[in-house]
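Novice: quick one, what's the 3D model for this:
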Amino acid sequence: MRAIAATILITLCLVACDDAKRIADDSGAGASAAVGHRAFGQRGCAACHEVRTDRTLNGPSLAGVGQRLDADALAKWIREPRAMKPDTKMPGIAPEATDGEVRAIVAYLQSLPAATDPMAAMVEKARAEAEMSAGPPDPDLAAKGKRVFQRLCFMCHRLDGTPSPMGPSLDGVANRLSASDLREWVRDPKARKPETHMPAWTGSDEDLARVLAFLATLRTP
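Specialist: Next up, the predicted model:
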């Protein structure tokens, strides 16, 4: 009888340990995906990739991408996209990005469900943007974006609060517009305001991501 009781006790302990390990692993994966979600936004990936619907932006939708590609393939796409597809316009992640950051982005991509219906996607999009706004844009990407802005946009948009004859000041624009609104304004302004004279974006995907990162820094207290 004592032997049976001891066996049962050992079995229960093993099950409890397994459950504790599984819970710890799950929470670790969730934390990593949350970090990856922020990095995905800060590195400018959202400028080109939708993650909740099948809608194509500058790049394909990543909804459910973890069901199509394994972790190694996702990491290689992030680090060396041209090694995966030589003619792609997708830039690799910045050289200074750590392996941990890449793994976190992979964890986030693997957590993405398949495309949802439009209404659910709108709700999720609002939640995702709220989470994304909690972290600052990548400073290196934003610095490069400022240079692109000065080269392509400064003719029409000032940053000192005074409008130019061609367009409004963008001082504090990140307080007024969400990340997706900024992206859509820059990519296709006439879709937002048909009578605008602002031209559609014709630059590279890389420069678009940089400009959006810079615009996300334009906040006022």
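
Novice: C-alpha from now on. contacts and neighbour counts both.
Specialist: Noted.

Novice: ok, now how distant is Arg79 from Pro168?
Specialist: Counting by CA to CA, to the nearest Å, the gap from Arg79 to Pro168 is 37 Å.

Novice: what's the answer for Asp72, then?
Specialist: Distance of Asp72 to Pro168, given as CA to CA: 45 Å.

Novice: before we move on, the earlier item: among Arg79 and Pro168, which residue is more densely surrounded?
Specialist: Shown here are Arg79 and Pro168; by other CA atoms under 10 Å, Arg79 has more neighbours (19 against 15).

Novice: give me the element the residue nearest to the more buried one when sequence neighbours are not counted is part of.
Specialist: For Arg79, ignoring the flanking residues on the chain, the nearest one in space by CA to CA, 6 or more residues apart in numbering is Gly92 at 5.1 Å. Using DSSP states H and E, Gly92 sits in no helix or strand.

Novice: what of Arg151?
Specialist: Assigned by DSSP H and E, Arg151 belongs to helix 139-152.

Novice: helices or strands up against that helix?
Specialist: helix 205-215 (3 or more CA pairs under 8 Å, 6 or more residues apart in numbering; DSSP states H and E).

Novice: how about the helix it packs on: buried residues?
Specialist: Within helix 205-215, the residues that count as buried by 16 or more other CA atoms under 10 Å are 205-215.

Novice: by pLDDT, give me the weakest of the residues you listed.
Specialist: Ranked by pLDDT, the buried residues of helix 205-215 bottom out at Asp205, which has 80.

Novice: what is the burial count for the closest residue in space to Gly64 that isn't next to it in sequence?
Specialist: Leaving out its chain neighbours, the residue that sits closest to Gly64 by CA to CA, 6+ apart is Ala114, at 3.9 Å. Ala114: 17 surrounding residues under other CA under 10 Å.

Novice: ok, now which ones touch Ala114?
Specialist: Contact analysis of Ala114 by CA atoms under 8 Å, 6 or more residues apart in numbering lists 52-53, 63-65.

Novice: least confident of these?
Specialist: Here the lowest pLDDT out of the contacts of Ala114 sits on Thr53, with 72.

Novice: which residue packs closest to that one, ignoring adjacent ones?
Specialist: According to CA to CA, 6+ apart, the nearest residue to Thr53 is Ala115 (4.5 Å).

Novice: quick one, what contacts the one you found?
Specialist: Ala115 is in contact with 51-54, 63-64, 121, counting by CA under 8 Å, 6+ apart.

Novice: and those, which two are the farthest apart?
Specialist: The distance between the two most remote of the contacts of Ala115 (CA to CA) is 13.2 Å, for Gly64 and Ala121.

Novice: so the residue nearest to Arg79 sits right up against Lys76, yeah?
Specialist: No. Using CA atoms under 8 Å, Gly92 is not in contact with Lys76, being 9.1 Å away.

Novice: those helices in this protein, which residues are they?
Specialist: With helices called from DSSP state H, the chain shows them at 2-42, 71-79, 81-84, 99-111, 118-132, 139-152, 173-176, 179-187, 189-192, 205-215.

Novice: circling back to that earlier point, which of the residues in the helix holding Arg151 are buried?
Specialist: For helix 139-152, a neighbour-count test (16+ other CA under 10 Å) marks 141-149 as buried.
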